[in-house]
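test case, fold it:
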Amino acid sequence: MKVELFSAGCRLCQRAEEMLQHHFPQVDWIIHRAAECRDGSCCALAEQYGVRAVPSLVVDGQVVLVGLPGPQELARLREVLSRGASR
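So this is what the prediction gives:
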């Protein structure tokens, strides 16, 4: 399972990153931070996935979360990520 987080590095994105890593420590995170993308590859990848806002979480090429997750989103993510881990 490939889990990618797209981030602008703002406070909201940082908070989402910390929250997701806290709730899902077993996940091998790939984090695409706008400030670290020098060659435009992150933007091209975001466009390929259909990412239109950050923070955005992409699992196996599908956008599954946009913005800061609340309790309902965390519960849904727990299901999505546990299914992927059991493959």
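
just how off-centre is the lowest-mean-pLDDT helix or strand in the chain within its chain?
When each helix and strand of the chain is scored by mean pLDDT, DSSP states H and E, helix 71-85 comes last, with a mean of 89. Between the centre of helix 71-85 and the centre of its chain there are 12 Å (C-alpha atoms, centre = their mean, to the nearest Å).

please apply the same query to stretch 19-35.
On the basis of C-alpha atoms, centre = their mean, stretch 19-35 sits 7 Å off its chain's mean C-alpha point.

need the contact partners of that stretch.
With C-beta atoms under 8 Å, 6 or more residues apart in numbering as the test, stretch 19-35 has contacts from 2-9, 17, 42, 45-46, 54, 57, 68-69, 74, 77-78, 81, 85. C-beta here means a position set from N, CA and C on the backbone, and glycine is covered the same way.

just the buried ones from the residues you listed?
3-7, 17, 42, 45-46, 54, 57, 69, 77, 81 (16 or more other C-beta atoms under 10 Å).

residue farthest from the centroid of this structure?
Asp39 (20.3 Å; C-alpha atoms, centre = their mean).

coming back round to it: next, format the buried ones among the contacts of stretch 19-35 as TSV and append distance to Arg33 and secondary structure.
Below are the buried ones among the contacts of stretch 19-35 laid out as TSV (distance: C-beta to C-beta, whole Å; DSSP: H, G, I helix; E, B strand; the rest coil):
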residue	distance to Arg33	secondary structure
Val3	15	strand
Glu4	11	strand
Leu5	9	strand
Phe6	8	strand
Ser7	5	strand
Glu17	9	helix
Cys42	8	helix
Leu45	13	helix
Ala46	12	helix
Val54	10	coil
Leu57	14	strand
Pro69	18	coil
Leu77	20	helix
Leu81	21	helix
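
circling back: and the least confident helix or strand of the chain, what does it pack onto?
Of the remaining helices and strands, those touching helix 71-85 by 3 or more C-beta pairs under 8 Å, 6 or more residues apart in numbering; DSSP states H and E are helix 11-23, strand 56-59, strand 62-66.
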